[in-house]
Every structure is written in structure tokens, then in C-alpha cells.
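In: sequence plus predicted model, see below.
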Amino acid sequence: MKGLLKTAVLLVIFCATAMACGGGGEDALDHKGGDGGGTGNKGDQEEPEQPFVAHITPVDKLNQGVPVINSHADVTSRSSLKMNFRTYSQLGESVLKSAKPNYVRVKKLANDGYIMFYHNNQIGASCSYATSMDFKTWSYKGKLFTNYSIIDSKGEKNDRRYSNCDGLVLSNGDILAVAPIGLIMGIETCLKMQVLK
């Protein structure tokens, strides 16, 4: 009996709420002529919106015009490079001293050259860098963060590793490089920083 009474009360509350919220909307205005006292002409109704049709341009059809150097220099002080999808350069192990460079990051230097950071395999061990003046010919400069053997907090042999190096070119031309530190077995959450001049 109590369950039936609760159900009846909930049904009454639901119906009252629906009537309070649902009455007097746009339909009520339309019966009175659109604005509550207008002429009732159907010509006053808005046209239904037309569906939006999107057109996708293939990548090879993009950027077909003559490129404008620094076309957005006035828009932002931190410009970025625009990718040219019609060219591809593969830098092999002879250039980067790494069979599988991963997580490559390139920054523009103060001297209009470029610096590239990367680590030497998929899970990372050490971070290296190379430089270029034309973004095509790269020179390997060495390891920025080098992995090394340690005895961990459990007293076991382990390997401290670096991966995912990134850098920031400072206003004076120095480069601040940062890489997370990890262990080959276990977790360690630290960052190591180094400044290149």
C-alpha cells in the first residue's frame, strides 16, 4: 500500500512539473499570431536553416600558391614552421648516430639555424642532438643526456635513462634542454635540465 501511495505521489509531481515547464512556449505564441498579439500571418515565420555541407581539400591540393616568407610575422611573436607535405628527408644512422631516433623535436635558434632533440630508441636510453643551418643538412653534436648504471633504492643494479628531450631557446640565445629521468626497472619521477651555449 505504501509503495502504491509513493508511486501515485511521484506521478502527480512529475505531471505537475511537466505542465509547469511545458506550457506557454513557442506554440502558444504561434496561436496568438507569433508575438502574442500579432496578425497570425504564416509569412512571418523564419525560413528553416539549410544544412551545412563541408568540403575536404586533399593534402596535395593545399598551399599551391607562392609561399610568403614570414606571412604571419605581425600576428604573433612566436612563429612556427609550416610543414611542406610534398617533401621528405630521411636522416639515417650515419647522420644521427641512432638506428631509430624517436620523439624528435626541432627548435629554431637565434642564429636562424635549427636544433633537433631526439632519443635513441622507442623506450629511450639517452638523448642526443644535431644542428642544421638549412633544415636539410644536419650535423650530429653528441649526447645531451647519457644513460648510466646505478644501484637503485632496493640495492639492485639498474640503469638510469633519459627520454623525450625538449628544449627552449632563451632570449639570449642559450638553449634550456629538459628530459625526464627513468629507470629500466621501476619508476622514478624527476627532470634533468642542461643549458647549451
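Out: Thanks, I have it. Numbering: from 1, shown residues only.
In: distance between the ends of stretch 50-59?
Out: Counting by CA to CA, to the nearest Å, the length from the leading to the trailing residue of stretch 50-59 is 28 Å.
In: can you show me the helices along the protein?
Out: Secondary structure of the chain by DSSP state H: the helices cover 2-22, 26-31, 93-96.
In: lowest average pLDDT across those?
Out: Of all the helices of the chain, the segment with the smallest mean pLDDT is helix 26-31, scoring a mean of 47.
In: show me the shaky parts of the protein.
Out: Residues of the chain meeting the criterion pLDDT under 70: 1-2, 18, 20-44, 70, 72-73, 75-86, 186-197.
In: 90 - rerun?
Out: 1-104, 112, 119-126, 134-137, 145-148, 150-165, 171-173, 178-197 (pLDDT under 90).
In: going along the chain, name the strands of it.
Out: Defined through DSSP state E, the strands belonging to the chain, from first to last, are 102-108, 114-119, 127-132, 138-145, 148-151, 157-162, 166-169, 175-183, 190-196.
In: as CSV, these with distance to T57 would be great.
Out: Any C-beta I mention is one placed from the backbone N, CA and C, and that applies to glycine too. Written out in CSV, the entries for the strands of the chain read as follows (distance: least, CB to CB, whole Å):
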stretch, distance to T57
strand 102-108, 26
strand 114-119, 29
strand 127-132, 31
strand 138-145, 32
strand 148-151, 50
strand 157-162, 41
strand 166-169, 32
strand 175-183, 37
strand 190-196, 40
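In: so for L5, which of those strands sits nearest?
Out: strand 175-183 (63.1 Å; CB to CB).
In: in its sheet, which strands sit next to that closest one, and in what direction?
Out: Here the strand partners of strand 175-183, with direction, are listed using DSSP bridges: strand 157-162 (antiparallel), strand 166-169 (antiparallel), strand 190-196 (antiparallel).
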